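# below is the structure, and that's it, no one-letter string:
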């Protein structure tokens, strides 16, 4: 059980983070492009690269890492059960959400997404740094606990069974062209049967520094598409990158949401998976 020193929600604003910069139990993690991080980042932020979050499978490109790599991630983040991790990126929260999902799978729940990421931070005129943070190793490193991993992750065999028996809602958060099969990013194009389409970036406000649009608006749109937020849902994209933000959205909406990290790279590369192609429903 992790106990946070902070009273942060899953989504926080830049002004909430500002007073706590430098706190020894706060770990700020930057998943922006290296070129951005090297130039400027939130003071005390450490940089994580996407490759530290993923495992390449035979067909899938964004699988949850094995235990050894996950342990290495925890050691790199240098977090104890008392730490709180605030994550941000430069793209609206997809990679940041993916890291938070990884941590949730490991049993670490003291996590927050910085709304708008580095764009919102800069827009507020808050300080930045180009220095690389040097961390003193913590004594009581967080111990990985994967007992509840199925609460956050679903794998191909179980998803296939639930899809074929019409037991699960499926959210495809890729582009429309990927969903219909017009754009091919695997051996086969299209989408998982019965999956409804809501592109991840539709939830972002490009006029307001890539912050999330009001959750009520996103919820209304999801419900208009036929989703029932009282029933479980599985979300996927191509490699569980973009669906990192979709996972966060689901959690913010109180939805029971799992991510399919095999994603389309696995489903579309298999030759035996059921696939639907064609236009979006009107």
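Sure, I can see it. All values derive from a computational prediction rather than experimental measurement. Numbers count the residues shown, from 1 in each chain.
# contact partners for residue 64?
The contact partners of residue 64, taken as CB atoms under 8 Å, 6 or more residues apart in numbering, are 55, 70, 102, 105, 153, 261. Just so you know, the C-beta spots here come from the backbone N, C-alpha and C atoms, and that holds for glycine as well.
# among the residues you listed, which ones are in helices?
70, 102, 105 (DSSP state H).
# is it true that residue 91 lies in a helix?
No. Per DSSP: H, G, I helix; E, B strand; the rest coil, residue 91 lies outside any helix segment and is coil.
# tell me the contacts of it?
Counted by CB under 8 Å, 6+ apart, residue 91 has contacts 32, 117, 210.
# got the phi/psi numbers for the closest residue to residue 242 other than its chain neighbours?
Of all residues not flanking residue 242 in the chain, residue 200 sits nearest, at 4.4 Å (CB to CB, 6 or more residues apart in numbering). Per-residue torsions, residue 200: phi -60, psi -40 (degrees, to the nearest 10).
# returning to what we had before: who wins on neighbours among the ones in helices among the contacts of residue 64?
With neighbours taken as other CB atoms under 10 Å, the top of the ones in helices among the contacts of residue 64 is residue 102, carrying 25 neighbours.
# pretty sure that one sits against residue 63.
No. Using CB atoms under 8 Å, residue 102 is not in contact with residue 63, being 11.0 Å away.
# quick check: pLDDT value at the residue nearest to residue 22 when sequence neighbours are not counted.
Nearest residue to residue 22 in three dimensions, chain neighbours excluded: residue 44, at 5.8 Å (CB to CB, 6+ apart). pLDDT, residue 44: 98.
# in a strand, residue 44, correct?
No. In this structure, residue 44 is coil, not part of a strand, as judged by three-state DSSP.
# distance of it relative to residue 86?
Residue 44 sits 10 Å away from residue 86, going by CB to CB, to the nearest Å.
# between those two, what contacts are shared?
26, 28.
# more neighbours, those two?
A count of neighbours by other CB under 10 Å puts residue 86 above the other of residue 44 and residue 86, at 24 against 17.
# now that one: which helix or strand?
Using DSSP states H and E, residue 86 maps to strand 84-88.
# circling back: from the ones in helices among the contacts of residue 64, which is closest to residue 182?
For the ones in helices among the contacts of residue 64, the closest approach to residue 182 (CB to CB) belongs to residue 102, at 31.1 Å.
# contact partners for the residue nearest to the closest one when sequence neighbours are not counted?
In this structure, residue 102 finds its nearest non-sequential neighbour in residue 53, 5.5 Å apart by CB to CB, 6+ apart. When contacts are counted by CB under 8 Å, 6+ apart, residue 53 touches 65, 73, 95, 98, 99, 102.
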